[in-house]
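1. pasting the sequence and the predicted coordinates here, then a few questions.
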Amino acid sequence: MAGRQAYDARLAGCLCDECPLRSKRPVGPEGPADADLVIVGEAPGPQEEVRGRPFIGPSGMMLDDLLQKAGTSRDRVFITNALCCRSEVPGETGQGRFELKRYMAWLRTQNVKIKREWKQLKKAGPAPLIKSPFDCCRPRLLAELRWFEDRARDTGRPNGAVVVPVGNYALTALSGKAGIMKYRGAPLEASSLVDEMPSLAACYYARGSPVTAEHE
Ligand code: SF4
């Protein structure tokens, strides 16, 4: 499931044709299908985008260090992102050009404009809003987590893996919850049959059912 060659995001379940980041290079997940720990980051950074691998560069070094402290290592962990592509604010040349937060703010502003113009022109039907890349990438993320649920089912274990969203966007993509500082380090769903790992951010315990907001 790792992919250093071109990663086929569409095949993995991404709705790239509807996504505003479809011109970007997607970075796929890495790690064993029998991992007990799944790390979900927000989106690839510059080094990840160039090399086509998740969590390398400074964030990867930090992750490796934290995993080592937690008594595990990268090759035993499944690593993925809420978004496979790196966002870029159109027309922005300054520091915030690749900031995800800025990109999402830009997207919201665009949609407000589109709605207003649609209303002014009295056009019929829903306004053609720009989709959130998180909505487009989420089917792939959920499909990845279902691998672990399927494995749990196949092996008769009631639980899949410990899923650790790193950052607010990852938390929201997985659980619908917002506020990483509030949930940081707190299991959102716990299981006595899954070893509790020291968490890097908020924890989400995937159980033998699809991981969606309604499971909370
Ligand atoms: S972010 Fe996900 S859905 Fe959007 S283009 Fe990239 S891979 Fe496709």
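-> Done, it's in.

2. enumerate the residues of this protein near the ligand.
-> By CB under 6 Å from any ligand atom, the part of the chain that sits against the ligand consists of 9, 14-16, 19, 21-22, 24, 26, 83-85, 133, 136-137. Backbone N, C-alpha and C define where each C-beta goes, glycine included.

3. list the buried ones in the lengthiest helix in the chain?
-> Longest helix of the chain, by residue count under DSSP state H: helix 133-155. Judged by neighbour count using 16 or more other CB atoms under 10 Å, the buried positions of helix 133-155 are 133-134, 136-138, 140-142, 144-149, 151-152.

4. circling back to that earlier point, farthest-separated two in the residues of the chain next to the ligand?
-> Across the residues of the chain next to the ligand, no pair lies farther apart than Leu15 and Lys24, at 14.2 Å, counting by CB to CB.

5. quick check: the spatially most central residue of the chain vs Tyr169, distance?
-> In the chain, the centroid-proximal residue (CA atoms, centre = their mean) is Ala82; its distance is 1.1 Å. From Ala82 across to Tyr169, the span is 5 Å (CB to CB, to the nearest Å).

6. now stretch 117-126: buried residues?
-> Buried residues in stretch 117-126 (16+ other CB under 10 Å): Trp118.

7. could you tell me the end-to-end distance of that stretch?
-> Using CA to CA, to the nearest Å, one end of stretch 117-126 lies 12 Å from the other.

8. how far is it from where the chain is centred?
-> 33 Å (CA atoms, centre = their mean, to the nearest Å).

9. ditto for stretch 154-167
-> 15 Å.

10. for stretch 101-117, same thing?
-> Counting by CA atoms, centre = their mean, stretch 101-117 comes out at 21 Å from the chain centroid.

11. buried residues, it. List them.
-> So for stretch 101-117, counting by 16+ other CB under 10 Å, buried means 102-104, 106-107, 111.

12. before we move on, what about stretch 59-68?
-> Of the residues in stretch 59-68, those buried (16+ other CB under 10 Å) are 59-60, 63, 66-67.

13. list the contacts of that stretch.
-> By CB atoms under 8 Å, 6 or more residues apart in numbering, the residues outside stretch 59-68 that reach it are 39, 41, 45, 47-48, 55, 73-74, 77, 79, 198, 200.

14. Gly176: which of these is nearest?
-> The closest of the contacts of stretch 59-68, once distances to Gly176 are taken by CB to CB, is Gly41, at 17.9 Å.
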